[in-house]
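# Everything below, folded, please.
(one chain, ligands or ions: 1)
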Amino acid sequence: MACIDNDVKEPHMSAISPIRTVISPGRYVQGPGAISRLGEFLAPIGDTPLIVADDAVWGFVGHDVTSSLKTVGLPVTRETFRGIPSAREINRLVAVIKSTNANVVVAVGGGSTIDAVKASGFLAGIRWVTVPTVASTDAPTSALAVVYTEEGAFEEYRFFPRNPDLVLVDSQIIANAPAAFLAAGVGDALATWLEARATAASNSLTMAGGLPTLTGTALARLSWDVLWDNALPALDAVRDHLVTPAVEKVIEANTLLSGMGFESGGLAAAHAIHNGLTAVPQTHGLAHGQKVNIGSLTQLVLEGAPTGDIRDFIEFTTRVGLPTTLTEVGLTVESSQELALVASAATEKGETIHAMPFDVRPADVVSALKSIERFSRRVREEASLPVPTPYVAAH
Ligand SMILES: [Zn+2]
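You can find the predicted model right below:
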């Protein structure tokens, strides 16, 4: 996060005047069958859309997207997304936008497609829209993108002057996806409150480029409460591809509440530790929200949170299906070299861990990470929850 220009907001810069600010998408739409109304909501934003989706996603939404756009007389042009939101893929999409004369780019898919589209729309100087087909991250609503290396390691945050003009979520499409995606989204969204709470306590700058507002912090808290009440029944419903009120609430919490909550409430240790975890290949292939859950648990340890709170968090997130041990993210307490790399990346200058209300050193992160292994195993055993299964990255 080194470069700053007029269009790029850098958080955590103490020289910026102390404003408080909230940013949000222009419109949020959610409901079963909402995809059939994409054309209606897209038409006022641009008359030459470029749809970006990978082939698997296009296989199940292509028909509905096409008929929705045709209904309102919009042309249908689709470009394939190639898998990783890297600088190279973003630049490739910018070239496609220019060659098609598109004036709005529409991401249909998961967080990687969405991040690549936001970054390419910004660089091409056009508007952008997100249509998440999974509720696995809070990427769809925010005005930033996470850019990865070709190998899948965290490279940088890119900040944009605008959020998506439209976020459209079809709840039935979310419920048709494997429940593991929704579970990962719960992991990402639970971190939001822990991080917003820490950012409010330290009065640090948020990703929105100002101090936290009551609004951002409250949305983060609401996301947490909604998830503790609804995540387990929602996950069961989604296993049968059902849309219930609990599913609708969890989709909104994972997507909109968590998105606005993290962006205008602030990130802290959990996401910095997530970013640190991406620095070691052992964790590659895990979902964002899975690694974030290790970050949340580690943040609670760093905070010296009440033992009961940590215990509850381990029990609940294990039931959700999220990792709560190093074992489940491909590491062990003996992985000292890897853990040192994780801690060093997590505490880099400019990382959000410095929004914690106390100094965090790499050695603190290593100790906290190592400590969760034995404690989680104990909590899980006492709660009759399964022992952790080792994660092995594909390569
Ligand atoms: Zn996240």
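
# Please spell out which residues along the longest helix along the chain are buried.
Determined from DSSP state H, the single longest helix within the chain is helix 214-239. Buried residues in helix 214-239, counted by 16 or more other Cβ atoms under 10 Å: 215-224, 226-227, 230-232, 234-235, 237-238. All C-beta atoms are positioned from the backbone trio N, CA, C, and that covers glycine.

# same thing with stretch 43-60?
A43, I45, G46, P49, L50, I51, V52, A53, D54, V57, W58.

# same check, this time on stretch 360-377
360, 362, 364-366, 368-373, 375-377.

# So the closest residue to D64 other than its chain neighbours versus W128, what's the distance?
Ranked by Cβ to Cβ, 6 or more residues apart in numbering and with sequence neighbours excluded, the top spatial neighbour of D64 is I35, at 4.6 Å. I35 is 18 Å from W128, where distance means Cβ to Cβ, to the nearest Å.

# Same check on S384?
In terms of Cβ to Cβ, S384 sits 47 Å off from W128.

# about what we covered before: now, which of the buried residues of stretch 360-377 sits nearest L322?
Minimum separation from L322 among the buried residues of stretch 360-377 (Cβ to Cβ) is found for S376, which lies at 11.0 Å.

# Need the residues that contact the one helix or strand I51 maps to.
If you go by DSSP states H and E, I51 is part of strand 49-53. Residues outside strand 49-53 that contact it (Cβ atoms under 8 Å, 6 or more residues apart in numbering): 42, 61-62, 65, 69, 74-81, 93, 96-97, 100, 102-109, 113, 116-117, 120, 129.

# thinking again about what came up before, ok, I35 and W128, which is more surrounded?
W128 (27 against 23; other Cβ atoms under 10 Å).

# Return the residues in contact with the more buried one.
Taking Cβ under 8 Å, 6+ apart as the test, what W128 contacts is V104, V105, V106, A107, V117, K118, G121, F122, P164, D165.

# before we move on, back to that, I'd like the distance between the residue nearest to D64 and K118.
Relative to K118, and taking Cβ to Cβ, I35 is found at 20 Å.

# What of P85?
9 Å.

# what residues are shared contacts of those two?
By Cβ under 8 Å, 6+ apart, the residues touching both P85 and K118 are A145.

# where do the helices sit along this protein?
Under DSSP H, the chain gives helices at 38-42, 55-71, 87-100, 111-124, 171-176, 179-202, 214-239, 245-252, 258-265, 269-277, 288-303, 307-320, 336-346, 362-382.

# what's the angle from the second one to strand 49-53?
For helix 55-71 against strand 49-53, the angle between stretch directions is 160 degrees (axes from the mean of the first three to the mean of the last three Cα atoms, to 10 degrees).

# outside of helix 55-71, which residues touch it?
Everything outside helix 55-71 that qualifies as a contact, by Cβ under 8 Å, 6+ apart, is 35-40, 42, 49, 51, 53, 75-76, 78, 80, 108-110, 113, 131, 133, 173, 176.

# rerun at 7 Å
Here helix 55-71 makes contact (Cβ atoms under 7 Å, 6 or more residues apart in numbering) with 35-39, 49, 51, 76, 78, 80, 108-109, 133, 173.

# cool, the last one as well?
By Cβ under 7 Å, 6+ apart, the list of residues contacting helix 362-382 from outside reads 273, 297-298, 301-302, 311, 314-315, 318, 324-327, 333, 339-340, 342-344, 346-347, 386-388.

# Buried ones among those residues?
For the contacts of helix 362-382, buried by 16+ other Cβ under 10 Å: 273, 297-298, 301-302, 311, 314-315, 318, 324-327, 333, 339, 342-343, 346-347, 388.

# any low-confidence regions in the chain?
1-17, 395 (pLDDT under 70).

# Quick check: A269 touching L297?
No - using Cβ atoms under 7 Å, A269 is not in contact with L297, being 10.4 Å away.

# and R88, how many residues sit next to it?
Applying other Cβ under 10 Å, I find that R88 has 12 neighbouring residues.

# same thing with L331?
There are 23 residues near L331, going by other Cβ under 10 Å.

# ok, now T307?
Using other Cβ under 10 Å: T307 sits among 11 other residues.

# State the distance from it to V186.
Counting by Cβ to Cβ, the gap from T307 to V186 is 23 Å.

# And the residue located most distally from the centre of the chain, how far from P49?
Centroid-distance maximum for the chain: G73 at 33.3 Å, with Cα atoms, centre = their mean. Distance, G73 to P49, by Cβ to Cβ: 12 Å.

# likewise N103?
8 Å.

# Excluding chain neighbours, what is closest to R27?
Closest to R27 by Cβ to Cβ, 6+ apart is L166, at 5.1 Å.
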